[in-house]
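Peer 1: Starting from these lines, generate the structure:
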Amino acid sequence: MPVLTAFQRALTRALTVLGLVGAFVLTTVAPAWAGENTFVEVVPNSAQAGTRVSIRAGCDNANNRQADVHSDAFGRVMLRPDNGFLTGQVTIPGSKEPGDYPVDLRCDNGKTATTTLTVLNMEQPSKGPATGGGGTAASGTGSMLMIGGLAVVALAVGFGFFGNRRRTGSGS
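Peer 2: Numbering: from 1, shown residues only. Have a look, this model is predicted:
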């Protein structure tokens, strides 16, 4: 039994040292923070002039208060609390010139953040090309064409049948 008690004493000492190190680490180390959670994002971040975009932001620990967003692309928008974030929507004016516009967030707690919105102004066709579009095919035309085609085929068969018949009678 002397071997078992030596083993028990060694195990007890090791667990004691491990417990002391664990307690030291848990009481002296400060929790790690991922940094400030102040941000602003525009979805989509590239949008056609005249379309609606969504804005989502975070003001660190002040997401329960409104925040102000400003951009030359759309003006001023007030973001409101929504499920732990600040959200809002705005329509980019259809006459807005294409380009990159900064979007600036200003929180009530003094924090700020910036992102970029790219406004596109691509020409959109107003209607399809003038290729006829089926305008000549009025309703009921298909059945009329089928009846006319059958009549032409019947006439051709009839002329062929009667034209190939040999004439009987007196020869010269």
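
Peer 1: And the contacts of stretch 87-98?
Peer 2: 47-57, 69, 73-75, 77-80, 117, 119-121 (C-beta atoms under 8 Å, 6 or more residues apart in numbering). No exception for glycine: its C-beta is placed from N, CA and C like everyone else's.

Peer 1: can you check stretch 40-50 too?
Peer 2: 53-57, 69, 91-98, 103-105, 113-122, 124.

Peer 1: change it to 7 Å
Peer 2: 53-57, 69, 92-94, 96, 103, 105, 113-122 (C-beta atoms under 7 Å, 6 or more residues apart in numbering).

Peer 1: And the average pLDDT for that stretch is what?
Peer 2: Mean pLDDT, stretch 40-50: 92.

Peer 1: Any idea how far apart the tips of it sit?
Peer 2: 21 Å (C-alpha to C-alpha, to the nearest Å).

Peer 1: just for this structure, where's the confidence low?
Peer 2: 1-4, 7-8, 10-11, 13-36, 123-141, 165-172 (pLDDT under 70).

Peer 1: now the strands for this protein?
Peer 2: Here the chain has its strands, by DSSP state E, at 38-43, 46-48, 52-59, 67-71, 75-82, 85-91, 99-106, 112-120.

Peer 1: Dump those to CSV, plus distance to residue 9 and mean neighbour count.
Peer 2: Below are the strands of the chain laid out as CSV (distance: least, C-beta to C-beta, whole Å; neighbours: other C-beta atoms under 10 Å):
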stretch, distance to residue 9, mean neighbour count
strand 38-43, 55, 18
strand 46-48, 70, 16
strand 52-59, 55, 20
strand 67-71, 63, 21
strand 75-82, 60, 14
strand 85-91, 57, 16
strand 99-106, 62, 16
strand 112-120, 59, 17
